[in-house]
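K.L.:
my questions are about this predicted structure, shown below with the sequence.
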Amino acid sequence: MSLPEVRRVEHVMGMPVTLVLRGRHAGSAAGAAAWSAVMDSLREADRVFSTYRDDSEISRLRAGTLTHDLASPEVIEVLTLCEAARIVSGGAFDAWRTGADGDRVLDPSGAVKGWAVERATRLLDGLDETDSCLSAGGDMVCRTRAGGSPGWSIGIEDPREPSQVLARLQITDGAVATSGTAHRGEHLVDARTGRAPTGVASVTVATGSLTWADIDATAAYTHGPAAAEWLATRVDRTALVVWSDGTTTAVRTPQAAPAA
């Protein structure tokens, strides 16, 4: 017998956000309340981190009207995360970018979406016997909690023909993120050079954390021809690199060894 399923969609942070609930709380009041809480969490993230709002903390930090020591714990958490990502990516991923006037500009957007969605997903933890898939702009966190559930089948689109599916991932509990230019144009650059990478069309990464799936997909993309090579250094990743000529490279790395 198929499980009851409800889909909800709203726009926030400049993108569509979709929640699919399947199982006991798909259509319940608790499910609706959890969705409302998820949206409140994402709106709050937008209020704090948007680079398009003059009153956001990030804009105020950039303008010098807010100092780091007075920033919220959430901002400090994300900036610390961005620094860790800069180090692990060899500088390809960076919260600082070169602005139009040549100055370095604070822009942690590359980490904010994954972090914000992963944080919001925790608000669904109280929905027992209910599967959930929270997707924001195509990046998603999937959970399987309903008895007899098949999990989630996630399609990876062809960046040259987005209506076509290149491959599918079967996710029980995990996250999937894709970076590329099919939907937003040339917006990704290698922070080391300030230039857009060549040779790569998209990178999809699946792992346990959407925060790191999103960061790794972006960092790998900005590595350009070295995307798959860099992904091979990451632990517990399943990834698909789609090259500009349409060929693909699959990457699967083992989990970290347990501590002795």
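P.N.:
Here it is on my side, so go on. The structure presented is a predicted model; accordingly, all values stated were derived computationally and were not measured.
K.L.:
least trustworthy helix or strand in the chain by mean pLDDT?
P.N.:
The weakest-scoring helix or strand in the chain, judged by mean pLDDT, DSSP states H and E, is strand 96-98 (a mean of 78).
K.L.:
buried ones in it?
P.N.:
residue 97 (16 or more other C-beta atoms under 10 Å). For every residue, glycine as well, the C-beta is placed using N, CA and C.
K.L.:
helices or strands next to whichever helix or strand comes after it in the packing?
P.N.:
Next helix or strand after strand 96-98 toward the C-terminus (DSSP states H and E): strand 104-106. Under the contact criterion of 3 or more C-beta pairs under 8 Å, 6 or more residues apart in numbering; DSSP states H and E, strand 104-106 touches helix 57-63, strand 96-98.
K.L.:
list the strands paired with strand 104-106, with their directions.
P.N.:
Note on strand 104-106: by DSSP bridges, its sheet partners are strand 96-98 (antiparallel).
K.L.:
follow-up on the earlier one: residues making contact with the least confident helix or strand of the chain?
P.N.:
Residues from elsewhere that reach strand 96-98 (C-beta atoms under 8 Å, 6 or more residues apart in numbering): 104-107, 189, 191, 194.
K.L.:
so which of the residues you listed is the closest to residue 74?
P.N.:
Residue 74 has its nearest neighbour among the contacts of strand 96-98 in residue 106, at 14.8 Å by C-beta to C-beta.
K.L.:
my guess is residue 46 meets residue 11, correct?
P.N.:
No. Checked against C-beta atoms under 8 Å, the pair residue 46 and residue 11 is beyond contact range at 10.6 Å.
K.L.:
of these two, which one has the most company?
P.N.:
Neighbour totals were compared for residue 46 and residue 11, and residue 46 leads with 17 against 9 (other C-beta atoms under 10 Å).
K.L.:
show me the contacts for the more buried one.
P.N.:
Here residue 46 is in contact with 12-13, 53, 56 (C-beta under 8 Å, 6+ apart).
K.L.:
then residue 219?
P.N.:
85, 88-89, 92-93, 230.
K.L.:
again with residue 225
P.N.:
Counted by C-beta under 8 Å, 6+ apart, residue 225 has contacts 197-200.
K.L.:
from the residues you listed, which ones fall inside helices?
P.N.:
Using DSSP state H, no member of these sits in helices.
K.L.:
in JSON lines: those, plus pLDDT, neighbour count and distance to residue 75.
P.N.:
What follows is those, written out as JSON lines (pLDDT from 0 to 100; neighbours: other C-beta atoms under 10 Å; distance: C-beta to C-beta, whole Å):
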{"residue": "197", "pLDDT": "89", "neighbour count": "21", "distance to residue 75": "28"}
{"residue": "198", "pLDDT": "92", "neighbour count": "9", "distance to residue 75": "33"}
{"residue": "199", "pLDDT": "94", "neighbour count": "13", "distance to residue 75": "35"}
{"residue": "200", "pLDDT": "95", "neighbour count": "25", "distance to residue 75": "31"}
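K.L.:
run the chain-centre distance for the lengthiest helix in the chain.
P.N.:
What stands out as the longest helix in the chain, according to DSSP H, is helix 29-49. On the basis of C-alpha atoms, centre = their mean, to the nearest Å, helix 29-49 is displaced by 17 Å from the centre of the chain it belongs to.
K.L.:
pull out the buried positions in that helix.
P.N.:
Result for helix 29-49 [16+ other C-beta under 10 Å]: buried residues 31, 34-35, 38-39, 41-42, 45-46, 48-49.
K.L.:
what's the closest of those residues to residue 131?
P.N.:
Looking across the buried residues of helix 29-49 and measuring by C-beta to C-beta, the closest to residue 131 is residue 31, at 11.3 Å.
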